[in-house]
Structures are given as C-alpha cells and as structure tokens.
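**Q** Everything below, folded, please.
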Amino acid sequence: MVGCPRCNGTGRAGRVSRSDLLRLERGVEQLRHRLRIEPPSVMADFPAEWPYVVHVYHKTGSADVTIQVTHPTAASVVYSDRIRKANVHEDATIANPNPALGLGADPLVLPDDTSVRNALLDQLIPEATARLLSGVVGARIEELEANSETLSRQGRNAEAIEALVDLARTLEGASPEEAARIISQLKDSQRTHK
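**A** Have a look, this model is predicted:
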C-alpha cells in the first residue's frame, strides 16, 4: 500500500495514524471475508404451529310434567296431559392456550343448577297454564253438553236450557263463535215452542 507519509492517505495532516488505518482495513477485510463465507439471511414469515384442543361441555336440564284434572265429586280423571322440555347450555374451553398466537385462555362458563331449573320453569309455566286451562274448559264443556242432552231426553227442558246457557257462558272465552251458535239455537227453539 502506498500513501502519503504526512497524512497516511487520509488527506488530513497528522490526525490519523498508520496503525488506525491498518486496523480499519483489517476490519473491512474481515467483514468481506465473513460475507463471502456466510450465506445471506433473509427475514421471512413462517407459519407458527401451536397444538391446542377445544373441549366442549354441555349442561342439560330436562323436565317431565304430568297434568291431571280430577272431577271434584266423582273423583275421576277428566283431563290428563304430559309436557316434556329440555334446556341445553353449551360452552367450550381451550387446552394449551397461547395468547401470543391469538389463542387466549377461555374459562368455562356454564349456568348453575338453579339457573337451569329456573329457565326450565320459565319455559314450562306458560305452556302448562294454557294446557291446564284448555283441559279444564274442555272437560267442563263436555260435562255441560252431556248434562244438557241427558236433561233433554228426560223431558226436563228448563234445566236442559239452563245447562246450554251455562255451556254458552263457558264457551264465551274459549270459542265465542260456538257460544253465539248455542245462544242462537236457544232463541230459535224458544220461538218455535211458544
């Protein structure tokens, strides 16, 4: 290497020594050598695999309700029905979560037994009430119809008419058209018997 004895090839008078230049040249040469022997590294995305298991849990509540209406005097069953309901709650947890990959811990959240029971009751009460009312009204209608027919066959027309009036009153809430039909029949029969 040939250089100026004053500035050692730097262009600056006496501020850099020859040993500093040699040291820098050796560093550059070492870097060139390292770049020749090491393969170039490239930063690239790679898929991250993280094994995890999803556990699904079910909590099921079921109810079986039997409705029976008995006649107060005859002590016989005049209406019987059965209602079955099920209520299923589901949740899942992750085994071996890794928040760094977006698989965070997911705690199991299922309702307690009291909440399941209350949910079933909330489903059952309106349906059971409607069926019970329908059954009681239906049984009363059948009883009044049978009673009216029996009284009519026995020739007890006044009592048969009273039974039909009671039947019409009973039907007013459940079937207003049928109640109106019975009242119309009573009026027609009253006109013809006068």
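**Q** where are the low-confidence patches of the protein?
**A** The chain contains residues with pLDDT under 70 at 1-16, 42-48, 174, 189-194.
**Q** check which helix or strand covers the residue nearest the centre of it.
**A** For the chain, His89 is the residue whose C-alpha lies nearest the centre (C-alpha atoms, centre = their mean; 6.9 Å). Using DSSP states H and E, His89 maps to strand 77-95.
**Q** Tell me the helices and strands packed up against that strand.
**A** If contacts are counted by 3 or more C-beta pairs under 8 Å, 6 or more residues apart in numbering; DSSP states H and E, strand 77-95 sits against strand 53-70, helix 113-153. For every residue, glycine as well, the C-beta is placed using N, CA and C.
**Q** The protein - how does it break down into domains?
**A** According to automatic domain parsing, the chain comprises the domains 1-39, 53-193.
**Q** rewinding a little: so in that sheet, which strands flank the strand holding His89, and in what orientation?
**A** Taking DSSP bridges as the criterion, strand 77-95 forms sheet pairs with strand 53-70 (antiparallel).
**Q** residues contacting Ile67?
**A** For Ile67, the contact set (C-beta atoms under 8 Å, 6 or more residues apart in numbering) comprises 79-83, 128, 131-132, 135.
**Q** Spell out the secondary structure type for Ser41.
**A** Assigned with DSSP: H, G, I helix; E, B strand; the rest coil, Ser41 falls in the coil class.
**Q** hmm, back to that, check the domains of the chain for me and report the most buried one.
**A** domain 53-193 (a mean of 13; mean count of other C-beta atoms under 10 Å).
**Q** roughly how far is that one from the heart of the chain?
**A** Centroid displacement of domain 53-193 relative to its chain, using C-alpha atoms, centre = their mean, to the nearest Å, is 24 Å.
**Q** before we move on, back to that, now that we have the contacts of Ile67, can you turn them into CSV and tack on distance to Leu21?
**A** Formatted as CSV, the contacts of Ile67 follow (distance: C-beta to C-beta, whole Å):
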residue, distance to Leu21
Tyr79, 112
Ser80, 110
Asp81, 106
Arg82, 103
Ile83, 99
Ala128, 101
Arg131, 104
Leu132, 106
Gly135, 110
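**Q** Can you tell me which of those residues lies closest to Leu151?
**A** Checking the contacts of Ile67 against Leu151 with C-beta to C-beta, the nearest one is Tyr79 at 23.2 Å.
**Q** Can you tell me the closest non-neighbouring residue to that closest one?
**A** Distance criterion C-beta to C-beta, 6 or more residues apart in numbering; nearest residue to Tyr79, sequence neighbours excluded, is Gly135 at 3.4 Å.
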